[in-house]
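Enquirer: Below is the structure, and that's it, no one-letter string:
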Ligand SMILES: *Cc1c(COP(=O)(O)O)cnc(C)c1O
């Protein structure tokens, strides 16, 4: 039998990035390239810079630097600009993503100080405070915090981390990886006193993969100016300038600019409070379903602290008793029921599957995804309680 070339209807995409792209964003990108001097190109870039400042309530003098890169590229941007060779950074342990960022710090010849990560729990602010207090020589230049670790689906509190840095009276810059949370949870450079936010296009911003960016306040820009580590493509100071060609150190990925402008417009139109409330609501439905399924004893939420469960993604762990293969479940859900969910990363490979619930989503899409996963659970005879029903009840509450 030859594989069908087209699936009728749509396959639901519930990975925590890439996420579904709204039609308005696809439409905005569906056009011929323009020459770099076309004023529409520079207008789009300015609209994107202003929109990203607005999204994370950055001061007017904050720098916005965008790159034809993914989130790992944006991690590198923070490392190369802020840290001289051999310099130290504190990366509090959250799981696979903090490990990845810390490893990249070391690959680039800097030193990462880690706090241990705790299975299914957020960052321990006391551990962060203790490391900073012990750094009496003030060698640590920055704290690199992963807001939501997309592998574990645990969210750590930005405010708690800021308090830990303040409690130690440490001058370290506060750098937040909000790749999985921008457009899903509030990020506020000014109120939360964040120095740098790191983001990427393909998650809450509802764009294709391929754009990484940072929003940088004036003190962090000053630190980068004093950093003598050699760098070119990632360098902020080389990207300050009026011309599109300067801002991107070469040709502008203009279709991503057109798309980003459109997606920021959608967020403005819906209103950020509504965007965040929608994410809380849909995450609540998924969490209710997981609790319901868990009554069968075979699976449960990986995050052990209910208050720290992510609004963007939910990792679901197979219990040792239940003993089913999350990857087999995933394949069945995708190929038979047209619901694409994500698998486990790093140490969680083969132990969890993850339902993404961020970006351009509504209740019907989430119920469809939960229905597909439940059908796969039934089909594989994995013992489970009433998950879909719990999600329906959650969404139908007044
Ligand atoms: C997805 C993600 C990244 C990495 O982004 P890529 O685009 O896959 O390189 C980094 N941090 C977090 C929190 C993420 O969710």
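Expert: Yes, it's here. These numbers come from a predicted model, not from an experiment.

Enquirer: Please count neighbours and contacts with C-alpha atoms only from this point.
Expert: Noted.

Enquirer: What ranges does the stretch 251-398 of the chain have for its helices?
Expert: Applying DSSP state H, counting those that start in this stretch to the stretch 251-398 of the chain gives helices spanning 254-270, 272-294, 326-335, 363-379, 387-396.

Enquirer: Show me which positions of the fourth one end up buried.
Expert: The neighbour-count criterion (16 or more other Cα atoms under 10 Å) identifies 365-377 as the buried residues of helix 363-379.

Enquirer: do the same with the first one
Expert: Neighbour counts using 16+ other Cα under 10 Å place 254-268 of helix 254-270 among the buried residues.

Enquirer: Quick check: which helices or strands does it pack against?
Expert: Judged by 3 or more Cα pairs under 8 Å, 6 or more residues apart in numbering; DSSP states H and E, the packing partners of helix 254-270 are helix 23-29, helix 39-55.

Enquirer: of the buried residues of helix 254-270, closest to residue 226?
Expert: Using Cα to Cα, residue 257 comes nearest to residue 226 of the buried residues of helix 254-270, at 30.2 Å.

Enquirer: The closest one against residue 44, yeah?
Expert: Yes. Using Cα atoms under 8 Å, residue 257 is in contact with residue 44, at 6.0 Å.

Enquirer: can you list the domains in the protein?
Expert: Domains of the chain are assigned by automatic domain parsing as 23-269, 272-397.

Enquirer: Just list the residues touching residue 19, thanks.
Expert: Going by Cα atoms under 8 Å, 6 or more residues apart in numbering, residue 19 touches 13, 202, 203, 204, 206, 207, 358, 359, 360.

Enquirer: Next one: the first one from the ligand, what distance?
Expert: Think residue 13. According to Cα to the nearest ligand atom, to the nearest Å, residue 13 stands 15 Å off from the ligand.

Enquirer: a strand runs through that residue, doesn't it?
Expert: Yes. Counting by DSSP: H, G, I helix; E, B strand; the rest coil, residue 13 is located in a strand.

Enquirer: contacting residues for it?
Expert: 19, 20, 339, 340, 341.

Enquirer: who's it bridged to?
Expert: Per DSSP bridges, residues listed as beta-bridge partners of residue 13: residue 340.

Enquirer: Report pLDDT for it.
Expert: As predicted, residue 13 sits at a pLDDT of 96.

Enquirer: Which residue is it, in the stretch 201-350 of the chain, that comes closest to the ligand?
Expert: Residue of the stretch 201-350 of the chain nearest the ligand, by Cα to the nearest ligand atom: residue 209 (6.6 Å).

Enquirer: For that residue, pull up the helix or strand it's in.
Expert: Element membership for residue 209, per DSSP states H and E: none, as it lies in no helix or strand.

Enquirer: which bits of the protein sit near the ligand?
Expert: Within the chain, the positions near the ligand by Cα under 6 Å from any ligand atom are 70, 71, 72, 97, 146, 148, 149, 150, 177, 179, 180.

Enquirer: returning to what we had before: and the contacts of residue 19, which of them are in strands?
Expert: The strands, defined by DSSP state E, take in residue 13 from those.

Enquirer: Among the contacts of residue 19, which one is most surrounded by other residues?
Expert: For the contacts of residue 19, neighbours were counted using other Cα atoms under 10 Å, and residue 358 has the most, 35 neighbours in all.

Enquirer: OK, contacts around that one?
Expert: 16, 19, 184, 203, 204, 279, 311, 312, 313.

Enquirer: I'd like these as TSV, with pLDDT appended.
Expert: As requested, the contacts of residue 358 are arranged in TSV below (pLDDT from 0 to 100):
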residue	pLDDT
16	96
19	97
184	98
203	98
204	98
279	98
311	98
312	98
313	98
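
Enquirer: hang on, the earlier thing: can you name the two of the buried residues of helix 254-270 that are farthest apart?
Expert: It's 254 and 268 that sit farthest apart of the buried residues of helix 254-270, by Cα to Cα, at 20.9 Å.

Enquirer: Excluding chain neighbours, what is closest to residue 320?
Expert: Sequence neighbours aside, residue 298 is the residue nearest to residue 320 in space, at 7.6 Å (criterion: Cα to Cα, 6 or more residues apart in numbering).

Enquirer: I'd say that neighbour and residue 380 touch.
Expert: No. Residue 298 is not in contact with residue 380 according to Cα under 8 Å; the separation is 11.9 Å.

Enquirer: so where is the protein shaky, pLDDT-wise?
Expert: Counting by pLDDT under 70, the chain contains low-confidence residues at 1-4, 321-322.

Enquirer: Spit out the contact partners of the residue of it found nearest the ligand.
Expert: Closest to the ligand within the chain is residue 71: 3.3 Å, counting by Cα to the nearest ligand atom. The contact partners of residue 71, by Cα under 8 Å, 6+ apart, come to 179, 198, 199, 200, 211, 212.
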